[in-house]
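K.L.:
any chance you can model this:
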Amino acid sequence: MGEKSETNHKHKLIEYANGPSLEEINGTVSVPKGKSFWRTLFAYSGPGALVAVGYMDPGNWSTSITGGQNFGYLLMTVILISSLIAMLLQNMSAKLGIVTQMDLAQAIRARTSRRLGLVLWVITELAIMATDIAEVIGAAIALYLLFHIPLVIAVFLTVLDVLVLLLLTKVGFRKIEAIVVCLILVILLVFVYQVALSNPDWHAVFTGLIPSANAVATQPEINGMTPLSGALGIIGATVMPHNLYLHSAVSQTRKINHADEEEVATAVRFSQWDSNIQLSFAFVVNALLLIMGVAVFKSGAVKDPSFFGLYQALSDPSTLSNGVLIAVAKSGILSVLFAVALLASGQNSTITGTLTGQVIMEGFIHMRMPLWARRLVTRLLSVIPVLVCVALTSRLNTVDQHEALNNLMNDSQVFLAFALPFSMLPLLMLTNSAAEMGSRFKNSTWVKVLGWIAVIALTFLNLLNLPSAFIEIAGADAAPKTIQLAQWLAYAVIVIILLLLAWCILDLYRSNQRHTAYQGQEGE
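P.N.:
Numbering: from 1, shown residues only. Take a look at the predicted model:
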């Protein structure tokens, strides 16, 4: 009888989960002891690649290329600073997972009330869905461009990546990491090739990395973009909330003895090496995208920054900057490679998005679904707004339909700005705490200072950008009353975010005080 009920339990689609993070892969990858630096680093390499995928998501592409078209290399410094902030936050995330043996969702849920946990789960799910909309659009457009599959059918075909995920769950986590690295290399090599042909002004590229107040200036305004709005777009597209949850989970895939503090310290050190190396690759990809905007295309030549527009511009000799690019473009190879990179980026994000969804569902509300079912539900929900957009614009001309899809992708990213503070702030407070991390692994003073500066600055910039984002959603031709309503809605959302953040801070602070007091009593 007991055996039968156990069998039934195993076959439930949704079940209770309150065990280790991503239990199926937790502690499954062996790491060598006492080996050379490079061999040990190789064993720990992989989780950083899964995280780096989010920093080269299709949502980043048009932002960086348009920024390059409008302002040359001015915004290179924004890509560099946002990448450094990403490294700081991801290092905290990996350390939290390894030291506490909890992912960020589990740690927040353990230190906050059930109601707040439910609210944060809903916010983060919306952010994952927003990212998934960008992936659906990117993958569908790539299929349309490469194989001329009608958009509606291409959107439905993106649901089939659940089969890819089913296959990957059978091959082992180390192989999944290898596949992700291969796809990252495809994206990197495509953009390296295209930028190499363009022969950019490397002195200007490196000069652009030097911080300048002009990078966040409100003037000049070119094609509706100022340096400040371009910088906010790049920052918003670079630091992704779901990556902080994912890294705290996948950093636990290495098999270590948590009772041995030195072994834990080694795991933290090499995980941070892995993260920084992989995020450096992501920085290079984002920098190459901006360089493409400056050097591959003639200044102001790209009138349509959507994926369709970029694909067409790469095959149009009149938009390209030199004879070598024009000669190669005539063969069609530049545009085909762009579409291949777009498809690779979408497939990579499929893997990481599904794992993150599982992490937050298990962590916040203690529910678990099979990865394929989780993927199917999220993808079907994300497909609905894309299909509605394609259906509503089917009678419009091609350019208007492409613009509508591009707007949907950009508008969906607003949820990321909404969700980001609710992952950054708890992460910083938890890793600052000696009660959570122990005196050896809590954040050092300089990391705390940099962490608070980064979290406050990113939260401020994201909230600052919300009114203009809401106005963009309303549309350029909206009536004055509609624009005013959009502004008021944005301000209402900002107030809600600040109140929820205050609730979150209060819960975490009280919990930390209780935890510290309890440890003090135990010590006595």
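
K.L.:
C-alpha only now, for contacts and for neighbours.
P.N.:
Noted.

K.L.:
now do the SS call for residue 26.
P.N.:
Recorded secondary structure, residue 26: coil (DSSP: H, G, I helix; E, B strand; the rest coil).

K.L.:
verify the stated contact: it with residue 252.
P.N.:
Yes: with contact defined as CA atoms under 8 Å, residue 26 counts as touching residue 252 (5.7 Å).

K.L.:
those two - which one has more neighbours?
P.N.:
Shown here are residue 26 and residue 252; by other CA atoms under 10 Å, residue 252 has more neighbours (31 against 18).

K.L.:
low-confidence ranges, this protein, go.
P.N.:
Applying pLDDT under 70 to the chain flags residues 1-17, 59, 162-163, 165-169, 224, 236-237, 413, 476, 520-524.

K.L.:
center of it - which residue?
P.N.:
residue 54 (3.2 Å; CA atoms, centre = their mean).

K.L.:
which strand or helix spans residue 65?
P.N.:
In this assignment (DSSP states H and E), residue 65 forms part of helix 58-71.

K.L.:
other SSEs contacting that helix?
P.N.:
helix 114-147, helix 227-238, helix 261-291, helix 333-365 (3 or more CA pairs under 8 Å, 6 or more residues apart in numbering; DSSP states H and E).

K.L.:
between helix 227-238 and the first one, find me the angle.
P.N.:
Angle, helix 114-147 to helix 227-238, by axes from the mean of the first three to the mean of the last three CA atoms, to 10 degrees: 100 degrees.

K.L.:
in helix 114-147, which residues are buried?
P.N.:
116-117, 120-146 (16 or more other CA atoms under 10 Å).

K.L.:
same check, this time on the third one
P.N.:
Neighbour counts over helix 261-291 (16+ other CA under 10 Å) mark 264-265, 267-291 as buried.

K.L.:
since we're on the closest residue to residue 303 other than its chain neighbours, how many residues are nearby?
P.N.:
Excluding the flanking residues, the one nearest residue 303 by CA to CA, 6 or more residues apart in numbering is residue 309, at 7.5 Å. Residue 309: 16 surrounding residues under other CA under 10 Å.

K.L.:
what about residue 309, distance to residue 339?
P.N.:
The spacing between residue 309 and residue 339, counted by CA to CA, to the nearest Å, is 12 Å.

K.L.:
what residues does stretch 243-261 touch?
P.N.:
Contact with stretch 243-261 is made by 21-22, 25-31, 44, 47-48, 51, 54, 89-90, 93-99, 101-105, 263-264, 267, 271, 352, 355-356, 359-360, 423-424, as judged by CA atoms under 8 Å, 6 or more residues apart in numbering.

K.L.:
so what's the gap between that stretch and the chain middle?
P.N.:
Relative to its chain's centre, stretch 243-261 lies at 19 Å (CA atoms, centre = their mean, to the nearest Å).

K.L.:
could you work out the end-to-end span of that stretch for me?
P.N.:
Per CA to CA, the first residue of stretch 243-261 is 26 Å away from its last.

K.L.:
please identify the buried residues of that stretch?
P.N.:
Neighbour-count burial for stretch 243-261 [16+ other CA under 10 Å]: 243-254, 256.

K.L.:
let's have the residues you listed in JSON lines, adding distance to residue 490 and secondary structure.
P.N.:
Output for the buried residues of stretch 243-261, formatted as JSON lines (distance: CA to CA, whole Å; DSSP: H, G, I helix; E, B strand; the rest coil):
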{"residue": "243", "distance to residue 490": "25", "secondary structure": "helix"}
{"residue": "244", "distance to residue 490": "25", "secondary structure": "helix"}
{"residue": "245", "distance to residue 490": "26", "secondary structure": "helix"}
{"residue": "246", "distance to residue 490": "29", "secondary structure": "helix"}
{"residue": "247", "distance to residue 490": "31", "secondary structure": "helix"}
{"residue": "248", "distance to residue 490": "31", "secondary structure": "helix"}
{"residue": "249", "distance to residue 490": "33", "secondary structure": "helix"}
{"residue": "250", "distance to residue 490": "35", "secondary structure": "helix"}
{"residue": "251", "distance to residue 490": "36", "secondary structure": "helix"}
{"residue": "252", "distance to residue 490": "38", "secondary structure": "helix"}
{"residue": "253", "distance to residue 490": "40", "secondary structure": "helix"}
{"residue": "254", "distance to residue 490": "43", "secondary structure": "strand"}
{"residue": "256", "distance to residue 490": "46", "secondary structure": "coil"}
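
K.L.:
tabulate the residues you listed (JSON lines), appending distance to residue 204.
P.N.:
JSON lines is the format used below for those (distance: CA to CA, whole Å):
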{"residue": "243", "distance to residue 204": "32"}
{"residue": "244", "distance to residue 204": "33"}
{"residue": "245", "distance to residue 204": "37"}
{"residue": "246", "distance to residue 204": "36"}
{"residue": "247", "distance to residue 204": "35"}
{"residue": "248", "distance to residue 204": "38"}
{"residue": "249", "distance to residue 204": "40"}
{"residue": "250", "distance to residue 204": "38"}
{"residue": "251", "distance to residue 204": "38"}
{"residue": "252", "distance to residue 204": "42"}
{"residue": "253", "distance to residue 204": "42"}
{"residue": "254", "distance to residue 204": "42"}
{"residue": "256", "distance to residue 204": "46"}
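
K.L.:
what's the closest of the residues you listed to residue 389?
P.N.:
residue 243 (27.7 Å; CA to CA).

K.L.:
tell me how far the closest one lies from residue 55.
P.N.:
9 Å.

K.L.:
wasn't the residue nearest to the centre of the chain part of a helix?
P.N.:
Yes: judged by three-state DSSP, residue 54 forms part of a helix.

K.L.:
which ones are touching it?
P.N.:
Going by CA under 8 Å, 6+ apart, residue 54 touches 238, 240, 243, 349, 352.

K.L.:
any idea how many residues pack against the first one?
P.N.:
Neighbour count of residue 238, defined by other CA under 10 Å: 24.

K.L.:
quick one, the helix or strand hosting residue 458 and helix 227-238 angle?
P.N.:
Per DSSP H and E: residue 458 is located in helix 445-474. Angle, helix 445-474 to helix 227-238, by the same axes, to 10 degrees: 110 degrees.

K.L.:
run the chain-centre distance for helix 445-474.
P.N.:
16 Å.

K.L.:
who are the packing partners of it?
P.N.:
helix 76-100, helix 227-238, helix 398-412, helix 414-419, helix 421-432, helix 480-523.

K.L.:
can those go into TSV with extra columns for distance to residue 461?
P.N.:
Converted to TSV, the helices and strands packed on helix 445-474 look like this (distance: least, CA to CA, whole Å):
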stretch	distance to residue 461
helix 76-100	12
helix 227-238	7
helix 398-412	17
helix 414-419	9
helix 421-432	11
helix 480-523	12
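
K.L.:
wouldn't residue 62 be in contact with residue 306 here?
P.N.:
Yes: at 6.4 Å, residue 62 counts as touching residue 306 under the criterion of CA under 8 Å.

K.L.:
related to what we said a few turns ago, now do the residue nearest to residue 303 against residue 316, distance only.
P.N.:
Between residue 309 and residue 316 the distance is 10 Å, computed by CA to CA.

K.L.:
same deal with residue 453?
P.N.:
In this view, residue 453 and residue 316 are 44 Å apart by CA to CA.

K.L.:
okay, those two: which has more neighbours?
P.N.:
residue 316 (16 against 13).

K.L.:
burial of residue 378, as a residue count?
P.N.:
The number of residues packed near residue 378 is 20, by other CA under 10 Å.

K.L.:
typo on my end, it should be residue 495
P.N.:
For residue 495, the neighbour count with other CA under 10 Å is 13.

K.L.:
could you tell me whether the residue nearest to residue 303 really is in a helix?
P.N.:
Yes: counting by three-state DSSP, residue 309 is part of a helix.

K.L.:
hang on, isn't it packed against residue 301?
P.N.:
No: assessed by CA under 8 Å, residue 309 is found out of contact with residue 301, at 10.5 Å.

K.L.:
quick one: the closest residue to residue 511 other than its chain neighbours and residue 98, what's the gap?
P.N.:
Distances taken as CA to CA, 6+ apart place residue 111 nearest to residue 511, at 5.5 Å, with adjacent residues excluded. Per CA to CA, residue 111 is found 18 Å from residue 98.

K.L.:
okay then, goodbye and thanks.
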